[in-house]
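**Q** Could you work out the structure for the sequence below:
(chains A and B)
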Amino acid sequence: MSGRGPTAPGPAATVGAIALNTFREAIRDRVLYLLLAFALLVIGAGRFLALLTVGDEEKIVKDLGLSAVSIFGLLTAVFVGVSLVFKEIEKRTVLTLLVHPVHRWQFVAGKYAGLATVLLVNTGLMGAVLSLLVVLRGGAPGPVAIGIVMIFVELLVVAAFAVLFSSFTNPILAAVGTVAVYVAGHLSWSFDLLKRRLPEGAARVACDAARAIVPNLDRLDVKAEAVHALPIAPARVALGIAYGAAYALAVLVLACAVFSRRDFE
Amino acid sequence: MGGTDSGDAVVLLDGVTKAFRGHLGVGRTVAVRGLTLGVEGGGIFGLLGPNGAGKTTTLKMMVGLLRPDRGTVLLFGRPPSDPAARIRLGFLPENPYFYDYLTGEEFLDFYGRLRGLAGRERWRRVREVLGQVGLAGRERTPLRKCSKGMVQRLGLAQALLHEPDLLILDEPMSGLDPLGRRDVRDLILAQRAAGRTVLFSSHILQDAETICDRVAILVGGALRFEGALQDAVSRRVLWYEVAVTGVAPGRLPGSVLSSSGEEILLKVPDEASLGELIRAVQEGGGRIGSVWPRRDSLEELFLREIGPGAGSKGAA
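**A** Numbering: from 1, shown residues only, chains lettered A, B, ... in the order given. Below is the predicted model:
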């Protein structure tokens, strides 16, 4: 046998290499720039809209801006996330990637880390522009920054679902599934409402189960406090981040389990 | 046939069966059935068979992309699902496709990272291997602008990047022009000369015949022959095919196979008849265009093993 005794890279290096490639793929896609440009346009439009509206101009800028960050962040997570794993399988690049000394979980983690980096850069840019607008209107950027951080955590949860769905279904179904989780996550309180109207028994148990499975994204929503400059307790922020991180991790573990069982024909 | 010795085997399959479910889980196609095969270190091993014989499925099980339904697959003594088993492996799938948003250099840099090659060494190997596959100077060409032949060459480059002990190549010459085929053949021979093991699949027997030390023939997912090439085919000359110009065929010994314009293709049974023919051509003022000794070929063995109607069942 020849060879120089090659060794496998460490898990961090492997995940990092896959994440870098995923990030590179995303930033070379024009759709991302279109989304970002449109988001910045909407954030900037808040300033002009404020001139035409009766009310606190700063609040309108913050309200519209945070909503734009949230919606365009969601669109980025869905557009990039739902095809991440699927595209590798469909285009058969996975056939050469997975014969490297790479664990399947490292592949999923690398894909997710790349997507998270895209979301970080995207949200960061949008957040910086919004904060600048708020400062220009004489407002304090602190609450907006906290709002942006919490939106990012929410996007991390949504992105984990996008990767999970992408690991076993096509992009259209994955997009539908991911958006459904986002919507249900913001309406999770309605399961309690529904439960109160149902008779005792299996239906109520199903409601409890759905409430437990669907992420409670309202726990991460501090937009109202940020817009109206209301105090945001540090404990709430910390718990929200911990909740989001734990939820995203659990979904990713599930995605790894699904992906590890796959055959590649 | 089918005997394995796990001692020196770099790849070992023992009683391996793999089937695929049809669309919506309806139906079941057995791609590989009860395959027992060992590939020893060093040399070139050809996995041959018609389309649908189960070659790609077998190779994918060897590299851990597919899990067998029954039986055991070992790569360097470990299950291929274990990443440690794949450290010394280089693999080229059939009709490869790579990331079209990357350049050749970026692509190999990415795979070099996954191989654990450190910065400078990685870049040195990227340049070296691009030169080896004939792509020096094309480092910065985006993959979306590469021809099929260039992508195939890049596929070989990624498989060779970390100087693996075992190269598994699925139809490595598919889609290449004659020059490209010769380059790949030379590259495979160079790997053998460097002490590496090359296992490749092909349905083009001429490629296998010229470079393989051992071959296995799969038909309908089952092993039909496995052994050294010299055991598979006799190197005895069966007859000679001679191209002659400038002489009328009636004045020459041997039987006429075909004629085109002035050129006649003749068949003579042995060396003595060949001598007679050459003398007759010289005396008649003609010219010998070529002499081709015809031996028992791998193609004949292949056709014998396949038998009539084989190859129409099974999966990829």
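
**Q** List phi and psi for residue B:88.
**A** The phi/psi pair for residue B:88 (degrees, to the nearest 10) reads phi -100, psi 20.

**Q** Could you do the one 5 residues further on as well?
**A** Main-chain torsions, residue B:93, degrees, to the nearest 10: phi -80, psi 170.

**Q** Find the nearest non-adjacent residue to it, please.
**A** In space, and not counting its chain neighbours, residue B:93 is closest to residue A:95: 4.3 Å by CB to CB, 6 or more residues apart in numbering or on different chains. From N, CA and C alone the C-beta is placed, and that goes for glycine too.

**Q** try residue B:80
**A** Spatial nearest neighbour of residue B:80, excluding adjacent residues (CB to CB, 6+ apart): residue B:64 at 3.4 Å.

**Q** My reading is that that neighbour lies in a strand. Confirm?
**A** No. Secondary structure of residue B:64 (DSSP: H, G, I helix; E, B strand; the rest coil): coil, not part of a strand.

**Q** how would you label residue B:46: helix, strand or coil?
**A** Recorded secondary structure, residue B:46: strand (three-state DSSP).

**Q** neighbours of it, just the number please.
**A** When neighbours are defined as other CB atoms under 10 Å in any protein chain shown, residue B:46 has 23 of them.

**Q** beta partners of it?
**A** Beta bridges link residue B:46 to residue B:200, residue B:215, judged by DSSP bridges.

**Q** show me what contacts it?
**A** B:200-202, B:208, B:211-212, B:214-216 (CB atoms under 8 Å, 6 or more residues apart in numbering or on different chains).

**Q** got those as JSON lines, with pLDDT columns?
**A** Output for those, formatted as JSON lines (pLDDT from 0 to 100):
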{"residue": "B:200", "pLDDT": "95"}
{"residue": "B:201", "pLDDT": "94"}
{"residue": "B:202", "pLDDT": "88"}
{"residue": "B:208", "pLDDT": "81"}
{"residue": "B:211", "pLDDT": "89"}
{"residue": "B:212", "pLDDT": "91"}
{"residue": "B:214", "pLDDT": "92"}
{"residue": "B:215", "pLDDT": "91"}
{"residue": "B:216", "pLDDT": "92"}
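
**Q** Out of the residues you listed, which two sit at the greatest distance?
**A** B:211 and B:216 (14.8 Å; CB to CB).

**Q** Between these two, which has more neighbouring residues?
**A** Legend: neighbour count by other CB under 10 Å for residue B:211 and residue B:216, higher for residue B:216 (26 against 19).

**Q** pLDDT at the nearest residue to the more buried one once chain neighbours are set aside, what is it?
**A** Once flanking residues are discounted, residue B:216 sits nearest to residue B:226: 4.2 Å by CB to CB, 6+ apart. What the model reports for residue B:226 is a pLDDT of 90.

**Q** Figure out the helix or strand that residue B:226 lives in.
**A** strand B:222-228 (DSSP states H and E).

**Q** Residue B:237 is in contact with residue B:297, isn't it?
**A** No. Counting by CB atoms under 8 Å, residue B:237 stays clear of residue B:297, with 11.7 Å between them.

**Q** hmm, back to that, and for the residue nearest to residue B:216, the neighbour number?
**A** Using other CB under 10 Å, residue B:226 is surrounded by 23 other residues.

**Q** Same check on the one 3 residues further on?
**A** Residue B:229 is surrounded by 19 other residues when neighbours are defined as other CB under 10 Å.

**Q** Also residue A:263?
**A** Residue A:263, neighbours per other CB under 10 Å, totals 12.

**Q** and it, what are its phi and psi?
**A** phi -100, psi 150.

**Q** do the same with residue B:43
**A** Phi and psi for residue B:43, reported as degrees, to the nearest 10, are phi 90, psi 180.

**Q** Now it. Nearest residue, chain neighbours left out?
**A** residue B:213 (3.9 Å).

**Q** Kindly report the same for residue B:123.
**A** Closest residue to residue B:123 in three dimensions, ignoring its sequence neighbours and counting by CB to CB, 6+ apart: residue B:109, at 7.4 Å.

**Q** What lies in contact with the helix or strand that contains the one you found?
**A** Taking DSSP H and E as the criterion, residue B:109 maps to helix B:104-114. Helix B:104-114 is contacted from outside by A:9, A:13-14, A:16-18, A:20-21, A:24, A:96-97, A:100-102, B:98-99, B:102, B:122-123, B:125-126, B:129-130, B:135, B:138-141, B:143, B:146, B:150, B:154, B:157-158, B:161-162, using CB under 8 Å, 6+ apart.

**Q** before we move on, the earlier item: direction included, what does the strand holding residue B:226 pair against?
**A** For strand B:222-228, pairing defined by DSSP bridges yields strand B:214-219 (antiparallel).

**Q** Nearest residue to the middle of chain A?
**A** Nearest to the mean C-alpha position of chain A, by CA atoms, centre = their mean, lies residue A:155 at 2.1 Å.

**Q** OK, contacts around it?
**A** Applying CB under 8 Å, 6+ apart to residue A:155 gives the contacts A:73-74, A:76-77, A:119, A:123.

**Q** Look at whichever residue of the stretch 151-265 of chain A sits closest to chain B and report its pLDDT.
**A** Using CB to the nearest CB, the closest approach of the stretch 151-265 of chain A to chain B is made by residue A:264 at 4.4 Å. pLDDT for residue A:264: 91.
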